[in-house]
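1. Sequence isn't available, so here's the structure alone:
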């Protein structure tokens, strides 16, 4: 709709949408605002107005594992995300959590989690699905790139609010 | 009107979709669900060769891909396991399977994508209506019901005050849950009560908890921890103010989000809350006389040992 400047005003918080769907639930015109928020956040990054948000980095790492193996492994999502966002793995609250559980000696689960570091959980017959998904992602990204290029980024006439400032 | 006998029989033998969280860090929810199934004589069979439902993360990257991932799970359940009911204890998985069902019924593009990807991936495509997706709450309520639960649990949760926390994905957006809000007997999207009903049947007292469906910020637990900590603190403080001894949960992301941010709220903001969290299947398990370790209670992040001793739950 050409209202780029208006969107840019909220560029620093739009990625904070947690997808609680209160908006979608209540919208009387079935607009699905949550979807609009996500699309807008992606658009802001694609156009280069904002760096990639931590939420996007997290989503990408999560999706990378799903596409590669069909499943995620919790601790790998955690440490790869922290690594990619240059955060320390050893943080006070994370250590407190680990220690809290370890004290209660969850032997069976501890062994299972340790083994999962080496033998990552995965979907067995996943090879063909992985290939199909990779092709699909490539096609979708190509389409998105072309759409972005074809949308004109020239400024629309000022809104009456801007004119008044 | 649904024939009650049919419903009960159909839910007594279901395909079980644990999802990634229950296979990993939410071990307590998985083992307690299996233990409760065994104790109640319900048959659950893991969906063959299941994959991630797509959660929130893949949906944010590409919603069409998330629909396909969920449809593959349903396809395996129907075409390999011969199931017509798929039970998911995780809100995220449950929500996503329901969303896939809705998309395949209403969105021709989603249907075309699922068919195309399924063919390329070498398996039959799932078609809307082939299986019914239910949450673990629907499963126990439908397969057992409050009356039988009351007889089997003999009021063992008496004296326990519970705040029932459902989170957002169990109820919103309402258009993907056509079976909800259908009057008496059905679940409500504004004031859900299935978990309240089951725990009350086991003798617990449900407190009046205003944030039953408030979002815990689970999707942003790690990527935007400050927001999640604030959302969780609201929930924890409201539960304590309502006089609850424990928060009952029915989703691994909500549960671990509440627990992790309880610790973070204390470490980063100096706000300490004492309430602990237990999965509703762990509470029902205790009520059925199953031991805490068999229910994986020791693998929860929050420590409910004192609560279990104080309230004589074992």
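-> Everything's here; your move. Because the structure is predicted, anything quoted here is derived from the model rather than measured. Residues are numbered from 1 along each chain as shown, chains lettered A, B, ... in the order given.

2. So what does residue B:86 look like in phi/psi?
-> Dihedral angles of residue B:86 (phi, psi; degrees, to the nearest 10) stand at phi -110, psi 120.

3. residue contacts, the spatially closest residue to residue B:230 that is not a sequence neighbour?
-> Nearest residue to residue B:230 in three dimensions, chain neighbours excluded: residue B:217, at 7.8 Å (CB to CB, 6 or more residues apart in numbering or on different chains). All C-beta atoms are positioned from the backbone trio N, CA, C, and that covers glycine. Residues near residue B:217 by CB atoms under 8 Å, 6 or more residues apart in numbering or on different chains: A:18, B:224, B:227, B:228, B:230, B:231, B:232, B:257, B:261.

4. and if we set it to 6 Å?
-> Residue B:217 makes contacts with A:18, B:227, B:228, B:231, as judged by CB atoms under 6 Å, 6 or more residues apart in numbering or on different chains.

5. gap between the second one and residue B:233?
-> Noted for residue B:227: a distance of 11 Å to residue B:233, by CB to CB, to the nearest Å.

6. What is the burial count for residue B:134?
-> 23 (other CB atoms under 10 Å in any protein chain shown).

7. you'd agree it is in a helix?
-> No: under DSSP: H, G, I helix; E, B strand; the rest coil, residue B:134 sits outside any helix and is assigned strand.

8. Okay, and the beta partners of the closest residue to it other than its chain neighbours?
-> Excluding its sequence neighbours, the residue lying closest to residue B:134 (CB to CB, 6+ apart) is residue B:87, at 5.3 Å. Assessed by DSSP bridges, residue B:87 has beta-bridge partners residue B:16, residue B:134.

9. which ones are touching residue B:87?
-> By CB under 6 Å, 6+ apart, the neighbours of residue B:87 are B:14, B:16, B:134, B:139.

10. Repeat that for residue B:65.
-> residue B:58.

11. Give me the phi and psi angles of it.
-> Given degrees, to the nearest 10, the pair of backbone angles that residue B:65 has is phi -70, psi -40.

12. That one and residue B:250, how far apart?
-> Taking CB to CB, one finds residue B:65 at 26 Å from residue B:250.

13. how many neighbours does residue A:114 have?
-> Applying other CB under 10 Å, I find that residue A:114 has 10 neighbouring residues.

14. Over to residue A:107?
-> Neighbours of residue A:107 (other CB under 10 Å): 8.

15. Doesn't residue B:302 belong to a strand?
-> No: with three-state DSSP as the criterion, residue B:302 is located in coil rather than a strand.

16. do the top helix by length along chain A and chain B meet?
-> Counting residues, the longest helix found in chain A (DSSP state H) is helix A:127-150. Yes: in terms of CB under 6 Å from any CB of the partner chain, part of helix A:127-150 sits within range of chain B, namely A:128, A:129, A:132, A:140.

17. Isn't the first one up against residue B:118?
-> It refers to residue A:128. No: the pair residue A:128 / residue B:118 is not scored as a contact, 10.1 Å apart, by CB atoms under 6 Å.
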